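Engineer: sequence and predicted structure, then a few things I'm wondering about:
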Amino acid sequence: MNLTMACVWKIILLNIFIVSGRSNVMKGYFWHISDLHWDPSYDVGSNSASKCASSGGRPTPNAGRFGDYSCDSPWTLINSTLSAMRGILPDPDFIIWTGDDTPHVPDEQLGVEPVLRIIGNLTHIIKTTFPNTKVYSAMGNHDYHPKNQMPPEKNNIYEQTANLWHDWLHAASKETFKIGGYYTEKLLNQTGFRVVVLNTNLYYDQNKLTENIKDPADQFSWADKVLQDAAKNNEKVYIIGHVPPGFFEKKRDKAWFRKEFNKRYIDLIQKHSAIIQGQFFGHHHTDSIRMFYSSKGSPISAMFLAPGVTPWITTLPGVIDGGNNPGIRMFEYDTKTLLIKDIITYYMNLTYSNVVHERWEKEYRLTEAFRVPDASPASMHRVMERISSDKCYLQKYYEFNSVNYDLTECHADCRVDHVCAMREVDFEAYEKCVVKEGGSFTAPVLFTLLLSLMLSLLCFN
């Protein structure tokens, strides 16, 4: 669905009243990629109705060179993604890679060795494409066998993955990684900056191995200690993980963490928000944010959920047509403070690339699309409020959410699901939000309402 000219002009006029807030800061750039889900079985030349194992038997008559929406990524898409990243930003300061490497297939079609081989091949192509770039990598729930069942203790896959990531991990990082799949390091070895890479798969409600454990692999205690020390040392921190807390915006009431783990994570962020400059996660395959607030309601931290590289339409019951175009994102940050200044998302229109020619293009720049000066918690709260109160911003966000795959209109129930997922990570607060928001659209502020009335006759295709 196209936005009306009224929406476009409303956004332009609103921007006149926004102070850009840009200053002459030292800018750095890094990539965030997630959910590559390579399917080695993908075969366009196959005579079968389904050209890949990850389709789950769904027919793929339009399967092309770069993939199919019912399949996980073929190698051609993986290679195209890394080539596009190198072409757009060949020398990033670092790369964040938030896991999920193997295809969506039954466990009996994989095994320990196939999982490690897939992780190894993806590690190799990233290293080959960016040989001089530091990569901060987190494991996804599909990076273990059997999937989702990551143990809170030493095991072969943690150890072998640490060996594969040998060039990216410091000695101390390898030790904690082998224990629980998590680690911390100074960001780029710079004093004052730190990265904390979590294994949030330990908190996943599908993980039977951690069901009755209060603090799996002692990760919460460890993270609390790391963040306390970071505060004492005046460090700023990025937190990286795969499975996020909160709720899935494409299915109402669908949470990923167990309730007690969800609360502990929120408590951790609230306690240490003064030093946390960004949280970076994947798992959803969608483009979204999660807001964290103080006990008094002030925005204190933003979690950035990156779109997936895989275009795979989820088979999660209750989700209608939950596919996406392959997406990658570049972050612009202040090298003096780690404040996120901007986010630029690039994508491949899979249908176009299969039919016409391979093409990666800019989808949007956050500050331009949502008219904010940066990606600080205050600015991301403003983005969320605009999405909540303005149909134009809601529709724009909705189309970005699936990386321009789903262009249908986001109606009342759709709005509730997205807004409440962004606004409320806490279980009880989310439930109250769903009830409060109901089916009616929140009234825009007076200024935007007046603009809507003045510009309601303007339109464009």
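Structural biologist: Looks like it came in fine.
Engineer: so what does the strand or helix carrying A84 touch, helix or strand wise?
Structural biologist: Using DSSP states H and E, A84 maps to helix 75-88. With contacts taken as 3 or more CB pairs under 8 Å, 6 or more residues apart in numbering; DSSP states H and E, helix 75-88 sits against strand 27-33, helix 112-129, strand 327-334, strand 340-348, strand 360-365. Every residue, glycine included, has its C-beta placed from N, CA and C.
Engineer: in its sheet, what does the helix or strand just after it sit against?
Structural biologist: The C-terminal neighbour of helix 75-88 among helices and strands, as given by DSSP H and E, is strand 94-97. When pairing is defined by DSSP bridges, strand 94-97 lines up against strand 27-33 (parallel), strand 134-137 (parallel).
Engineer: can you name the next helix or strand after the shortest one?
Structural biologist: By that I understand strand 134-137. helix 156-164.
Engineer: now that following helix: buried residues?
Structural biologist: By 16 or more other CB atoms under 10 Å, the buried positions in helix 156-164 come out as 157-158, 160-162, 164.
Engineer: TSV please, covering the residues you listed and showing pLDDT and distance to N79.
Structural biologist: As requested, these are exported to TSV (pLDDT from 0 to 100; distance: CB to CB, whole Å):
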residue	pLDDT	distance to N79
I157	98	25
Y158	98	28
Q160	98	24
T161	98	22
A162	98	26
L164	98	19
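Engineer: low-confidence stretches in this protein?
Structural biologist: Applying pLDDT under 70 to the chain flags the ranges 1-25, 439-461.
Engineer: how many residues are close by N234?
Structural biologist: 9 (other CB atoms under 10 Å).
Engineer: er, A412 I mean
Structural biologist: Neighbours of A412 (other CB under 10 Å): 12.
Engineer: again with K251
Structural biologist: Neighbours of K251 (other CB under 10 Å): 17.
Engineer: so it: helix, strand or coil?
Structural biologist: Counting by DSSP: H, G, I helix; E, B strand; the rest coil, the backbone at K251 sits in coil.
Engineer: skip the chain neighbours and tell me the closest residue to it.
Structural biologist: G318 (4.8 Å; CB to CB, 6 or more residues apart in numbering).
Engineer: check the secondary structure at that neighbour for me.
Structural biologist: Strictly by three-state DSSP, G318 counts as coil.
Engineer: state the distance from it to G192.
Structural biologist: Distance of G318 to G192, computed by CB to CB, to the nearest Å: 45 Å.
Engineer: cool, and A84?
Structural biologist: 32 Å.
Engineer: same check on K51?
Structural biologist: 50 Å.
Engineer: same check on S288?
Structural biologist: 30 Å.
Engineer: next one: S221 from L169, what distance?
Structural biologist: S221 sits 21 Å away from L169 when distances are taken as CB to CB.
Engineer: got it, and W256?
Structural biologist: W256 is 26 Å from L169, by CB to CB.
Engineer: do T286 as well
Structural biologist: T286 is 29 Å from L169, by CB to CB.
Engineer: settle it for me: which of the two has more neighbours?
Structural biologist: More crowded of T286 and L169, by other CB under 10 Å: T286, with 26 against 23.
Engineer: count of neighbours near the closest residue to the more buried one other than its chain neighbours?
Structural biologist: Using CB to CB, 6+ apart and skipping residues adjacent in sequence, the residue nearest T286 is N401, 5.1 Å away. Residues near N401, counting by other CB under 10 Å, number 22.
Engineer: make sure F30 is actually in contact with R329.
Structural biologist: No - if you go by CB atoms under 8 Å, F30 and R329 don't touch, sitting 9.7 Å apart.
Engineer: now the helices for the stretch 301-450 of the chain?
Structural biologist: Taking DSSP state H, counting those that start in this stretch, the helices of the stretch 301-450 of the chain run over residues 350-355, 366-370, 377-389, 391-401, 412-423, 427-437, 446-455.
Engineer: tell me the contacts of the closest residue to W31 other than its chain neighbours?
Structural biologist: Residue nearest to W31 in three dimensions, not counting chain neighbours: I95, with 4.6 Å by CB to CB, 6+ apart. Counting by CB atoms under 8 Å, 6 or more residues apart in numbering, I95 makes contact with 30-33, 126, 130, 133-136.
Engineer: 6 Å - rerun?
Structural biologist: By CB atoms under 6 Å, 6 or more residues apart in numbering, the residues touching I95 are 31, 133, 135.
Engineer: give me the beta-bridge partners of it?
Structural biologist: Residues in beta-bridge contact with I95 (DSSP bridges): W31, V135.
Engineer: my guess is the residue nearest to T286 meets H284, correct?
Structural biologist: No - between N401 and H284 there is no contact under CB atoms under 6 Å: 9.0 Å.
Engineer: roughly how far does V112 sit from Y69?
Structural biologist: 30 Å.
Engineer: higher neighbour count, those two?
Structural biologist: Y69 (21 against 14).
Engineer: now for the residue nearest to the more buried one when sequence neighbours are not counted: which residues touch it?
Structural biologist: Leaving aside its sequence neighbours, Y69 sits nearest to G323 (CB to CB, 6+ apart; 4.4 Å). G323 makes contacts with 69, 311, 313, 405, as judged by CB under 6 Å, 6+ apart.
Engineer: try 10 Å this time
Structural biologist: Shown in contact with G323 (CB atoms under 10 Å, 6 or more residues apart in numbering): 68-70, 285, 308, 310-314, 350, 402-403, 405-406.
Engineer: look up how far A53 lies from it.
Structural biologist: Applying CB to CB, the value for G323 to A53 is 17 Å.
Engineer: kindly report the same for L305.
Structural biologist: For L305, the distance to A53 - CB to CB - is 27 Å.
Engineer: before we move on, the earlier item: can you list residues touching both of F30 and R329?
Structural biologist: 96, 280.
Engineer: for M348, list each beta-bridge partner.
Structural biologist: W360.
Engineer: how many residues are close by it?
Structural biologist: M348: 26 neighbours (other CB under 10 Å).
Engineer: over to R252?
Structural biologist: Using other CB under 10 Å, R252 has 15 neighbouring residues.
Engineer: need phi/psi at it.
Structural biologist: phi -60, psi 140 (degrees, to the nearest 10).
Engineer: quick one, what contacts the residue lying closest to it once chain neighbours are set aside?
Structural biologist: Computed as CB to CB, 6+ apart, the closest residue to R252 that is not its neighbour in sequence is D417, at 5.3 Å. Applying CB under 10 Å, 6+ apart to D417 gives the contacts 247-254, 410, 434, 437.
Engineer: if you rank those by neighbours, which is first?
Structural biologist: Most crowded among those, counting by other CB under 10 Å, is F247 at 27 neighbours.
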